[in-house]
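>>> return atomic coordinates for the entry below.
(2 chains)
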Amino acid sequence: MLNIDFIASHNALLKVAASQKMTFGLITLLLVTFLRNNSFSIWTLLFMSGVIIFYAKIPMKIYITLLFAPIGFVLAGMLAIVLSITFTQPIPAAALWQSSLFTLQFFILPSDILRAITIFCTAVSATSCLYFLILTTPIFEISPVLARLKVPTIVIELIELMYRFIFLFLQTVMQLYTAQHARLGYRSYKKSFQSLSLLISALFRTIFFRYQALSDAMVARNIEQFILPQHFTTTKTWDLKFTGMALIFTLMSFAILVL
Amino acid sequence: MKQLLPKLAYFGIVLLFIPKQAYAMHIMEGFLPIGWALFWFALCLPFLVKGLQVIRLVVKENPESKLLLALSGAFTFVLSALKIPSVTGSCSHPTGVGLGSILFGPFVMSVLGSIVLLFQSVLLAHGGLTTLGANIFSMAIVGPFIAVGVFKLATKWGLSFSVAVFLAAMLGDLGTYVMTSVQLALAFPSEAGGILGSFQKFAGIFALTQIPLAISEGLLTVMIMNFLQKYNMRELVQLRILKAKES
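Alright, predicted model coming up:
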């Protein structure tokens, strides 16, 4: 279920500092969203995919599957942008295609198609930037960067604690689900509703059990904060090869945008 | 040309019922223009600041509650990762917002929901970082506030507990989707009908899957609350004490 998290901790870019990857990933992400330029979007998509597959050595099959996952939503959104509906107004002469159903009039305008293409390119390209960031950087490396950016300590603490508990609960859910499944708990529609609600209420109970145990442990050890101390994480410097790659990207982007 | 309409309709229906439809609740990365993305971030800020203040206060009085908050956040995340049995044959996930905000309160839920959304985009690639503000506003602010408001109103009007929970969870889920449609319509107004026309289109496309889903989530939340009352009364009482402190 969380194979993104597994890949993030097992890839060839782990030796690069998280702050450097985050800077590069976020700047490209913002540029793609801000410029909304088709050729720049396609160039970024190709470059990022190249970096993810060949530099970070993430299996191509996994990356392609991940990239296609949100496409259904883009297409549904594009359909709504391309198709215009009107009840009474006359259809513009520029309409490429038109049809009517009872009193409803459907038509497609060329400008809307161009707009939908731009949105498609931007969205897919931005997704590749997001994937670059999340497939190469594990969460526990992001929180020191957040601390340096002066994000409130309580938020970072909650992020770290939640991250730990998510895996704990997913494990519990898997065990409960397997047990229910083995007893034909999801045999029919009605049964699955009942089983799912039992599962969630059992999970709720686990939460409080854990809460009791953890707060006892916290009081016993006199702990007040839940942030991984600095000396547990290895400090990484900015990588030269990565900087070179970012420079190539910047120069090429500049050339594409100016020409 | 006449054959195009049925083909388009077929294509649309296929798109709507593909199993990954659950992603539709969150606006995906890069879909919103940067201006709108920033606007929604700015709009979320006051709610998050207020939520943080509440959390800081609770934690200061009772440091252990930090753990409970993190645990409830993880609970919400796991809820959103569970598949809900859905009528259309597709699998979708509950937002968990209704249940979470009835149990933990709307302001706390806004902060927890934001972290959940951050994790959803970073661990599962649902939604994105630039669209995080818009998603937070629809799922972690509008949803919880509608759910809690409806729950309080329904209890005040003397409706039964089950009906109140059902309405709160269903309308919270529906409110999230209506807000998402508004956000998309504002960003992409149609040339013929303007923002309203565009809203009708987005809402119409999502309505097909979201209305049965909202009803499912409402029913499921009622069943969960019933089980919680039956087996977890002690914990619920403990939670009420925590909630009384925060307000």
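>>> which ones are touching the closest residue to chain A within chain B?
Nearest residue of chain B to chain A: B:Gly30, at 2.5 Å (CB to the nearest CB). For the C-beta atoms, the positions are set from N, CA and C on the backbone; glycine is no exception. Counting by CB atoms under 8 Å, 6 or more residues apart in numbering or on different chains, B:Gly30 touches A:29, A:32-33, A:122-127, B:128, B:130-131.
>>> PyMOL command for the buried members of these?
Of the contacts of B:Gly30, the buried ones go into a single PyMOL selection, burial set by 16 or more other CB atoms under 10 Å in any protein chain shown:
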select buried, (chain A and resi 29+32+33+122+123+124+125+126+127) or (chain B and resi 128+130+131)
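>>> filter the contacts of B:Gly30 down to the ones in strands?
With strands taken from DSSP state E, there is no overlap with the contacts of B:Gly30.
>>> where does A:Glu224 land in three-state SS?
coil (DSSP: H, G, I helix; E, B strand; the rest coil).
>>> next one, pLDDT for the nearest residue to A:Ala126 once chain neighbours are set aside please.
Excluding the flanking residues, the one nearest A:Ala126 by CB to CB, 6 or more residues apart in numbering or on different chains is B:Gly30, at 2.5 Å. B:Gly30 is assigned a predicted lDDT (pLDDT) of 79.
>>> and the gap between B:Gly30 and A:Ile71?
12 Å (CB to CB, to the nearest Å).
>>> which neighbours do the two share?
The contact sets of B:Gly30 and A:Ile71 overlap at A:Val124 (CB under 8 Å, 6+ apart).
>>> mind checking how far A:Pro144 is from B:Leu129?
18 Å.
>>> check which helix or strand covers A:Ser99.
strand A:97-101 (DSSP states H and E).
>>> is that strand in proximity to chain B?
Yes - using CB under 8 Å from any CB of the partner chain, strand A:97-101 reaches chain B at A:97, A:99, A:101.
>>> which helices and strands sit right next to that strand?
Packing partners of strand A:97-101 (3 or more CB pairs under 8 Å, 6 or more residues apart in numbering or on different chains; DSSP states H and E): strand A:104-108, helix B:4-17.
>>> could you tell me the least trusted of those?
helix B:4-17 (a mean of 52).
>>> next structured bit after it?
Moving toward the C-terminus from helix B:4-17, the next element (DSSP H and E) is helix B:34-61.
>>> so what secondary structure elements neighbour that following helix?
Looks like helix B:34-61 contacts helix A:18-35, helix A:153-182, helix B:65-81, helix B:106-123, helix B:132-135, helix B:161-187, helix B:233-246 (3+ CB pairs under 8 Å, 6+ apart).
>>> which one of these is the most hemmed in?
helix B:132-135 (a mean of 26; mean count of other CB atoms under 10 Å in any protein chain shown).
>>> pull the CA atoms of the next helix or strand after it into CSV?
Next helix or strand after helix B:132-135 toward the C-terminus (DSSP H and E): helix B:143-156. Coordinates of each C-alpha in helix B:143-156 appear next as CSV, following Å, rounded to 0.1, in the frame of the first residue of the first chain:
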residue,chain,number,x,y,z
GLY,B,143,-16.1,19.2,5.7
PRO,B,144,-15.5,19.2,9.5
PHE,B,145,-17.3,22.4,10.2
ILE,B,146,-20.4,21.3,8.2
ALA,B,147,-20.3,17.9,10.0
VAL,B,148,-20.1,19.4,13.5
GLY,B,149,-22.6,22.1,12.7
VAL,B,150,-25.1,19.6,11.3
PHE,B,151,-24.5,17.2,14.3
LYS,B,152,-25.1,20.0,16.8
LEU,B,153,-28.2,21.3,15.0
ALA,B,154,-29.7,17.8,14.6
THR,B,155,-29.1,17.0,18.3
LYS,B,156,-30.7,20.4,19.2
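>>> contacting residues around helix B:143-156?
By CB under 8 Å, 6+ apart, the surrounding residues in contact with helix B:143-156 are B:95, B:97-98, B:100-102, B:105-106, B:109-110, B:113, B:161, B:163-165, B:167-169, B:171-173, B:175-176, B:179.
>>> angle of the biggest helix by length in chain B against helix B:65-81?
Longest helix in chain B, counting residues (DSSP state H): helix B:194-231. Calculated by axes from the mean of the first three to the mean of the last three CA atoms, to 10 degrees, helix B:194-231 forms an angle of 120 degrees with helix B:65-81.
>>> hang on, B:Gly100 packs against B:Ala74?
No - B:Gly100 is not in contact with B:Ala74 according to CB atoms under 8 Å; the separation is 11.3 Å.
>>> burial count for A:Ile85?
18 (other CB atoms under 10 Å in any protein chain shown).
>>> so how far is A:Ser201 from A:Pro92?
56 Å.
>>> between these two, which has more neighbouring residues?
Just comparing A:Pro92 and A:Ser201: by other CB under 10 Å the higher neighbour count belongs to A:Ser201, 20 against 14.
>>> could I get the contacting residues of that one?
B:224, B:227-228, B:231-232.
>>> filter these to the buried ones?
B:224, B:227-228, B:232.
>>> which stretches of the stretch 51-200 of chain A have low pLDDT?
Residues of the stretch 51-200 of chain A meeting the criterion pLDDT under 70: A:87-90.
>>> by proximity to chain B, which residue of it wins?
A:Ala126 (2.5 Å).
>>> reformat the residues of strand A:97-101 next to chain B as a markdown table; add neighbour count.
Compiled in a markdown table, these are given as follows (neighbours: other CB atoms under 10 Å in any protein chain shown):
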| residue | neighbour count |
| --- | --- |
| A:Trp97 | 14 |
| A:Ser99 | 16 |
| A:Leu101 | 10 |
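>>> how about the helices of chain A, start to end?
A:3-9, A:18-35, A:38-50, A:60-68, A:71-82, A:110-136, A:139-148, A:153-182, A:189-221, A:240-258.
>>> what's the last one packed up against?
When contacts are defined as 3+ CB pairs under 8 Å, 6+ apart, helix A:240-258 packs onto helix A:18-35, helix A:38-50.
>>> recalculate using a threshold of 7 Å.
Counting contacts by 3 or more CB pairs under 7 Å, 6 or more residues apart in numbering or on different chains; DSSP states H and E, helix A:240-258 packs against helix A:38-50.
>>> what mean pLDDT does the helix it packs on get?
Rounded mean pLDDT across helix A:38-50 is 93.
>>> got the contact list for that helix?
A:28, A:32, A:117-118, A:121-122, A:124-125, A:128-129, A:132, A:249, A:252-253, A:256-257 (CB atoms under 7 Å, 6 or more residues apart in numbering or on different chains).
>>> adding distance to B:Trp40, write the helices and strands packed on helix B:34-61 out as JSON lines.
Output for the helices and strands packed on helix B:34-61, formatted as JSON lines (distance: least, CB to CB, whole Å):
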{"stretch": "helix A:18-35", "distance to B:Trp40": "13"}
{"stretch": "helix A:153-182", "distance to B:Trp40": "19"}
{"stretch": "helix B:65-81", "distance to B:Trp40": "20"}
{"stretch": "helix B:106-123", "distance to B:Trp40": "12"}
{"stretch": "helix B:132-135", "distance to B:Trp40": "4"}
{"stretch": "helix B:161-187", "distance to B:Trp40": "7"}
{"stretch": "helix B:233-246", "distance to B:Trp40": "26"}
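>>> so which residue is dead centre in chain B?
With distances taken as CA atoms, centre = their mean, B:Met139 lies nearest the centre of chain B, 3.5 Å away.
>>> unless I'm mixing things up, it is touching B:Thr176, no?
Yes - with contact defined as CB atoms under 7 Å, B:Met139 reaches B:Thr176; the gap is 5.1 Å.
>>> ok so, going back, with respect to A:Phe232, which of the contacts of B:Gly30 is nearest?
A:Leu29 (29.2 Å; CB to CB).
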